[in-house]
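Participant: return a 3D structure for these sequence lines:
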Amino acid sequence: MSDRRLDGKVALVTGTGSGLGQAIALMFARHGAVVVGTDIDADRAETTLARAGEQGLAFESLHPLDLRDRASIDRLVAHVVERHGGLNVLVTAAARFTGAPIEEMDFEEHWRGTLATELDAVFLLCQAAWPHLRAAGGASIINFASVNARLAADGLPTIVHAAGKAGVLGMTRELAKEGAEHGIRANTIAPGIIKTGATSRFLDGNPDLAAKLAGRTMLGTIGQPDDVAWAAVYLASDEARWVTGSDLAVDGGWTAW
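Facilitator: Next up is the predicted model:
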């Protein structure tokens, strides 16, 4: 197994300004991929770009870019293909978590605003990238489900997040079916509780909740972004050539008991 498991691959990763997207983009580049990232937050995107530059990694970023806008998605995919001649891997890591209990949930802000990023944008990215992934003659789509696609979250208002991630889970299985004849593999990663900038907002100020969530796992710990990034490297690599339509749980055993 080569240390450069993604040599020769061009990867598009969304949400690279922080969290899972940032970890995946940098790890892909360390394994030899040419990576193009994007984020709606220009400052965060520049931070990731600087980190990649310090490490001498082949990482570029087109930002700021709003994935709720179809024209912006088309421009992003076209940019990648024009610069690098094709596309081998698509990772839709961008997320927008706006939790609220159902009685307090605003339909436009919480429900539609979250689904626009966590479900609609995933579909639009896959659709825009599809002809280029077909042309690659062997490609990988990595979308994100969640433990919340299968289990209710205890202590967190995650109705819209659960709905969006369940939608991504089902959609990705259908993409795997449609993509099989074209050499396109499509899989989801289902993270458990991961320590990111977004989750730190409620974990750091609530140690009891953090301990409770860690206790839901078999391993008794909260995950780190690189735990998910390693899974993404596998699914993007040729080592996973016979893996499609799968949902890979990276959750410390949360969904296994």
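Participant: run a quick check on I194 versus G223, I expect a contact.
Facilitator: Yes. The pair I194 / G223 is scored as a contact, 4.5 Å apart, by CB atoms under 8 Å. Placement of C-beta: from N, CA and C, glycine included.
Participant: in stretch 81-90, which residues are buried?
Facilitator: Of all the residues in stretch 81-90, those buried under the rule 16 or more other CB atoms under 10 Å are V81, H84, L87, N88, V89, L90.
Participant: against L209, how distant is M171?
Facilitator: Applying CB to CB, to the nearest Å, the value for M171 to L209 is 31 Å.
Participant: same drill for those two, tell me which one is more crowded.
Facilitator: M171 (18 against 15; other CB atoms under 10 Å).
Participant: how about the more buried one: what's its closest non-neighbour residue?
Facilitator: Closest residue to M171 apart from its sequence neighbours, by CB to CB, 6 or more residues apart in numbering: F123 at 6.5 Å.
Participant: and the gap between that neighbour and A240?
Facilitator: Distance of F123 to A240, given as CB to CB: 23 Å.
Participant: tell me the helices and strands packed up against the host helix or strand of E60.
Facilitator: For E60, the host element (DSSP states H and E) is strand 59-62. Packing partners of strand 59-62 (3 or more CB pairs under 8 Å, 6 or more residues apart in numbering; DSSP states H and E): helix 19-30, strand 34-38, helix 42-54, helix 70-84.
Participant: just how off-centre is it within its chain?
Facilitator: Strand 59-62 sits 16 Å away from the centroid of its parent chain (CA atoms, centre = their mean, to the nearest Å).
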